[in-house]
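Visitor: After the sequence you'll find the predicted model.
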Amino acid sequence: MATGSSKTYGTNLANYFIHNSDTLGVLYVIWFKRIWLPSSGWKSYSGAGGTPSTDHTNHVHLSVT
């Protein structure tokens, strides 16, 4: 699980994708048990599986068109 500067970096990266979502064609971003969708913003991510990888707490997950 990301902590400290690694978590800050992930948060900043997720925010970069969100702020540039139109240009980048972002479909969704998952980070720290939350999912961001262009139509609704941040929501709780219920697909979590209990590990840093499946909970997306050790990486930012990005889907683009």
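Guide: Structure received.
Visitor: Go ahead and report the secondary structure state at S39.
Guide: At S39, secondary structure determined by DSSP: H, G, I helix; E, B strand; the rest coil is coil.
Visitor: Quick one: neighbours of it, just the number.
Guide: 5 (other CB atoms under 10 Å). Backbone N, C-alpha and C define where each C-beta goes, glycine included.
Visitor: From L27, how far off is it?
Guide: 10 Å (CB to CB, to the nearest Å).
Visitor: just I35 next, same as before
Guide: Applying CB to CB to I35 and L27 gives a distance of 11 Å.
Visitor: neighbour count winner among those two?
Guide: When neighbours are counted by other CB under 10 Å, I35 comes out ahead of the other of I35 and L27, with 19 against 12.
Visitor: What residues does that one make contact with?
Guide: Taking CB atoms under 8 Å, 6 or more residues apart in numbering as the criterion, I35 is in contact with Y28, V29, W42, K43, S44, Y45.
Visitor: Just the buried subset of those, written out for PyMOL, thanks.
Guide: Selection of buried members from the contacts of I35 for PyMOL, criterion 16 or more other CB atoms under 10 Å:
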select buried, resi 28+29+45
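Visitor: Switch the contacts of I35 over to CSV; also include secondary structure and pLDDT.
Guide: Shown next, in CSV, are these (DSSP: H, G, I helix; E, B strand; the rest coil; pLDDT from 0 to 100):
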residue, secondary structure, pLDDT
Y28, strand, 98
V29, strand, 98
W42, strand, 98
K43, strand, 97
S44, strand, 94
Y45, coil, 93
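Visitor: Quick one: the helices in the protein, in order.
Guide: 4-19, 21-24 (DSSP state H).
Visitor: then the longest one to CSV, C-alphas only?
Guide: What it means is helix 4-19. What follows is helix 4-19 as a C-alpha-only set of coordinates in CSV (Å, rounded to 0.1, in the frame of the first residue of the first chain):
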residue,chain,number,x,y,z
GLY,A,4,3.8,9.1,2.4
SER,A,5,5.3,10.6,-0.8
SER,A,6,4.2,7.5,-2.9
LYS,A,7,0.6,8.1,-1.9
THR,A,8,0.9,11.8,-2.7
TYR,A,9,2.4,11.0,-6.0
GLY,A,10,-0.5,8.6,-6.8
THR,A,11,-3.1,11.2,-5.8
ASN,A,12,-1.4,13.8,-7.9
LEU,A,13,-1.2,11.4,-10.9
ALA,A,14,-4.9,10.5,-10.5
ASN,A,15,-5.8,14.2,-10.4
TYR,A,16,-3.7,14.8,-13.5
PHE,A,17,-5.7,12.2,-15.4
ILE,A,18,-9.0,13.7,-14.1
HIS,A,19,-8.1,17.3,-14.9
